[in-house]
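> Sharing a model that was predicted from the sequence below.
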Amino acid sequence: MRIKNIVKVMNFHALLHIDAARRMTEKYIRMESEVQKIIDIIVNNRNFILDKIALNPHEDAPQLNIYIGSDYSFCGGLNKLVLNAMLHDTDADKITIGRKMRVHSLPGLKLAMTKEEFDAHYEEVEKLLVDSVFKLKHSSINVVYNHYYNAGRIALRRRKVFPLPLAADPEGYTEDFAVEGDVDYLLRSLTSTYASYEVRIASVNSFAAENIMRQEATTESLKKIEEIEEEELRVRRKEDRLRAFAKAQDSYVKKIAYGGIQL
C-alpha cells in the first residue's frame, strides 16, 4: 500500500528526531530554571521595589500571544489544541509559528511564520517582542504551545513571559544592589531578552512534543494498516479457496457428464 510507505517514512523521521529533541529539551529546561532565578532576583531587587521601578503595562491593552504549532501532520491532535486556543482569543494580537497554524483572515494577526522560517529568521519575532516591551503595547505576552513534560505527558500550556511577576513577600529577597546608568532602559532590555529566550525554549519544547506524538500516531497507524492488510489477505485466501473448490467441482461434474467417471 502506498499510504503505508508514507507512514513508515514519517515514523522513521520522528524516531530520528525524538532522541535529539528530548536531549535538547532537557538541556533547555535546566537553563530555563537558572534564567528564571536570575530575572527573578533582578526584578525583585529591593532597591527597585523601593524606587517603584517596574514595568507595568496598562491592563486595558490587548495581549500579545505567540502560538506554536507544527509544519506537518501526523502528530495527533496537538495542532488542534493550539488552534482552538488561538481562535478563542479573539481580542489578542497574534504571532503564529507553524504552517498548520495558518488561518484565513485571522483577527489581530501580526506575523505568521513556518517553523523553518522561525528558525532561520527569528529576529522578526524578536523585533516585535522588543517593541512590545519597550513601548508597553500589550498588557501581557503569552506563549501557547504543547509542553513536553516527559514521554508520557504532553499538555497544552499558556505561559506568561511578560510582565514578570513581583514577589508577594518582598521581605524574602535580600538582594539590594545598586545600578548605574539608565535603569529603566536596562530593565526593559533584560525583560525583552528574557521574553525572547522563553519563546525559543517553548519552540524547542513544542518540537519534542510534536515528534513524540508523531511517532506514536504513525506507529498506531502502521498497526492499523497491518491489520487491514491481514484482513485483506484473509479475504483473498478465502476467495482463492472458493474459486479452487468451484473449479474442482466443475471439473468433476464435467467428467461425470462425459462418462469419464462411473458412479
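Happy to help now that I have it.
> When you work out contacts or count neighbours from here on, use the C-alpha atoms and nothing else.
Noted.
> and residue 96, that's in a helix?
No - using DSSP: H, G, I helix; E, B strand; the rest coil, the secondary structure at residue 96 is strand, not a helix.
> Hmm, it is touching residue 70, no?
No - contact between residue 96 and residue 70 fails when scored by CA atoms under 8 Å: they sit 10.1 Å apart.
> Quick check on those two: which one has the bigger neighbour count.
More neighbours surround residue 96 than the other of residue 96 and residue 70, with 27 against 21 (other CA atoms under 10 Å).
> Run through the bridge partners of the more buried one.
residue 67, residue 112 (DSSP bridges).
> start at 309 instead
I'll keep to 309 as the first residue from here, and by that count the last item is residue 404.
> And it, how close does it get to residue 438?
17 Å (CA to CA, to the nearest Å).
> same thing with residue 374?
14 Å.
> So those two - more neighbours on which side?
residue 374 (26 against 19).
> Strands of the stretch 459-571 of the chain, start to end?
With DSSP state E, counting those that start in this stretch applied, the stretch 459-571 of the chain shows strands at 461-470, listed in chain order.
> how about low-confidence regions in it?
Along the stretch 459-571 of the chain, the model assigns pLDDT under 70 to residues 474-486, 562, 565-571.
> Repeat the analysis, applying 90 as the threshold.
459-463, 470-499, 501-502, 505, 509, 512-571 (pLDDT under 90).
> What segments of the stretch 309-458 of the chain are strands?
372-376, 401-405, 417-421, 449-458.
> Residue 405 and residue 380 touch, don't they?
No - using CA under 8 Å as the test, residue 405 is too far from residue 380 to be in contact (12.0 Å).
> State the number of residues packed around residue 551.
Neighbours around residue 551, by other CA under 10 Å: 12.
> most tightly surrounded among the strands of the stretch 309-458 of the chain?
strand 372-376 (a mean of 27; mean count of other CA atoms under 10 Å).
> and the angle from that strand to strand 461-470?
Using axes from the mean of the first three to the mean of the last three CA atoms, to 10 degrees, the inter-axis angle of strand 372-376 relative to strand 461-470 is 150 degrees.
> can you list contacts of strand 372-376?
Contacts to strand 372-376, defined as CA atoms under 8 Å, 6 or more residues apart in numbering, come from residues 390, 394, 400-406, 409, 446-454, 507, 510-511, 514.
> contacting residues around the most centrally placed residue in the chain?
Note on the chain: the residue nearest the mean C-alpha position is residue 514, at 3.4 Å, using CA atoms, centre = their mean. By CA under 8 Å, 6+ apart, the contact list for residue 514 reads 376, 377, 453, 454, 455, 456.
> Flag whichever of those scores worst on pLDDT.
The lowest pLDDT within the contacts of residue 514 belongs to residue 456, with 80.
> beta partners of it?
Here residue 456, judged by DSSP bridges, has bridge partners residue 462.
> mind listing what it touches?
By CA under 8 Å, 6+ apart, residue 456 lies in contact with 462, 463, 513, 514, 516, 517.
> try residue 450
Applying CA under 8 Å, 6+ apart, the residues near residue 450 are 371, 372, 373, 374, 466, 467, 468, 469, 470.
> how near is it to residue 472?
From residue 450 to residue 472 the distance is 11 Å (CA to CA).
> picking up where we left off before, closest one to residue 487 among the strands of the stretch 309-458 of the chain?
strand 449-458 (26.3 Å; CA to CA).
> quick check: angle from the closest one to strand 461-470?
150 degrees.
> Narrow the contacts of residue 456 to just the buried residues.
Buried by 16 or more other CA atoms under 10 Å: 462, 513, 514, 516, 517, out of those.
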